[in-house]
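*Asks:* Structure for the following, please:
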Amino acid sequence: MDADRIIGSAKEMAGGVEGTVGEMAGDAKTQASGKAREAAGTVQNLYGQAKDAARDATDTAASYAKDAYEAGQDTFRDGSQAIARKVQDNPLGALLVAGGIGFALALLMSRPARRPPPRWRYYG
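*Replies:* Predicted structure coming up:
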């Protein structure tokens, strides 16, 4: 619980008491002062509640991010193990697939860049 919530609640209660005393005594100045203190306490209490809510939201978001990160690690580890099992079960097939991928990448990377046709020509 935030300190602003505690202080705000105390001010709100003190303002309420002061306003009631002013009302019972018929003193408008004391009554107005009590209402002002009560309003200030309410505002401070709401501010503390907002800070608590923001802190809770931050903690929740950090927790979700940590869980997602750990789940990603588990998924990566499981995928790596599955690929390793497939390679161990069929090493020749894995070698052919890897070779095909390497050949395709080499073809893509060794091609010269395509130039667009010229827009105009000199006629002379």
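*Asks:* Give me the buried positions along stretch 11-26.
*Replies:* Neighbour counts over stretch 11-26 (16 or more other Cβ atoms under 10 Å) mark 11-12, 15-16, 18-19, 22 as buried. In this view, the C-beta of every residue, glycine as well, is placed from N, C-alpha and C.
*Asks:* element containing the most centrally placed residue in the chain?
*Replies:* Against the mean C-alpha coordinate of the chain, by Cα atoms, centre = their mean, the closest residue is residue 61 at 5.2 Å. Element membership for residue 61 (DSSP states H and E) is helix 28-89.
*Asks:* Which strands or helices does that helix pack on?
*Replies:* Using 3 or more Cβ pairs under 8 Å, 6 or more residues apart in numbering; DSSP states H and E as the contact test, the elements touching helix 28-89 are helix 3-25.
*Asks:* Could you figure out how far the helix it packs on is turned away from helix 28-89?
*Replies:* Angle of helix 3-25 versus helix 28-89, following axes from the mean of the first three to the mean of the last three Cα atoms, to 10 degrees, is 160 degrees.
*Asks:* which helices and strands sit right next to helix 3-25?
*Replies:* helix 28-89.
*Asks:* re the thing from before, contacting residues for the residue nearest to the centre of the chain?
*Replies:* By Cβ atoms under 8 Å, 6 or more residues apart in numbering, the contact list for residue 61 is empty.
*Asks:* any idea how far residue 15 is from it?
*Replies:* 36 Å (Cβ to Cβ, to the nearest Å).
*Asks:* Kindly report the same for residue 79.
*Replies:* Residue 79 is 62 Å from residue 15, by Cβ to Cβ.
*Asks:* Next: residue 63.
*Replies:* 38 Å.
*Asks:* go on, residue 49?
*Replies:* Residue 49 is 18 Å from residue 15, by Cβ to Cβ.
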